[in-house]
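*Asks:* Kindly generate the corresponding structure for this input.
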Amino acid sequence: MGRIARLLGQGLAYLAFGLTLAYASNRPIYHHFPADKTLIKVSLSHSGKPKGECRTLSAAELGEMNQNMRRPKICPRERLPLTVEILLDGAPLMREVLPPSGLSKDGAAHLYRRFVVPPGHHRIEARLRDSARTQGFDYEGTTEVALAPEQNFVIDFRSETGGFIFR
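*Replies:* Numbers count the residues shown, from 1 in each chain. As a prediction, the model looks like this:
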């Protein structure tokens, strides 16, 4: 009798654990994103222009250097920060100044941002400045898009393809 009671108790414990696991796998219902909103993602990795101009070395300066270190021009390693601006229907959604990465500030600046916006027809403008200019932008892109609820819309940047990519 003791063995049957022990097996019956063990079976009830397994059943209770299985029912708890089945309930917890389906409840509570979790929605990772609101059903009545749209997500805009901005992603870029880009290097700004060098911070200064290259300088040509004179013959005297080249003579003072070790032979294996001689090169006709010296260029600064440090890069300029990027200025990124995103507008949604003419209103600023984001404006950031991104510093270059790396110990010597000579690497690419990176950005990844997410914005929850209402669905519908929108005009999206993206701008990026990677030079020393104080006014205007070096890259600009504009698109008219009809965003559906729960849609993911991505703004990417590739300088080799001409700038911003909207998908």
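
*Asks:* which residues does the residue most central in space within the chain bridge with?
*Replies:* Centroid-nearest residue in the chain, with C-alpha atoms, centre = their mean: residue 112, separated by 1.9 Å. For residue 112, the beta-bridge partners are residue 43 (DSSP bridges).

*Asks:* close enough to count as contact, it and residue 45?
*Replies:* No - Residue 112 is not in contact with residue 45 according to C-beta atoms under 8 Å; the separation is 9.0 Å. Just so you know, the C-beta spots here come from the backbone N, C-alpha and C atoms, and that holds for glycine as well.

*Asks:* okay, and the common contacts of the two?
*Replies:* Counting by C-beta atoms under 8 Å, 6 or more residues apart in numbering, residue 112 and residue 45 have no common neighbour.

*Asks:* Without its sequence neighbours, what residue ends up closest to residue 56?
*Replies:* Once flanking residues are discounted, residue 56 sits nearest to residue 73: 5.5 Å by C-beta to C-beta, 6 or more residues apart in numbering.

*Asks:* Kindly tell me how buried the one you found is, as a neighbour count.
*Replies:* Using other C-beta atoms under 10 Å, residue 73 has 9 neighbouring residues.

*Asks:* what about residue 155, how many residues close to it?
*Replies:* With other C-beta under 10 Å as criterion, residue 155 counts 22.

*Asks:* how's the chain carved up into domains?
*Replies:* If you go by automatic domain parsing, the domain ranges for the chain are 1-30, 38-50+80-166.

*Asks:* Of those domains, which is nearest residue 57?
*Replies:* domain 38-50+80-166 (16.8 Å; C-beta to C-beta).

*Asks:* what's the helix or strand for residue 7?
*Replies:* helix 2-26 (DSSP states H and E).
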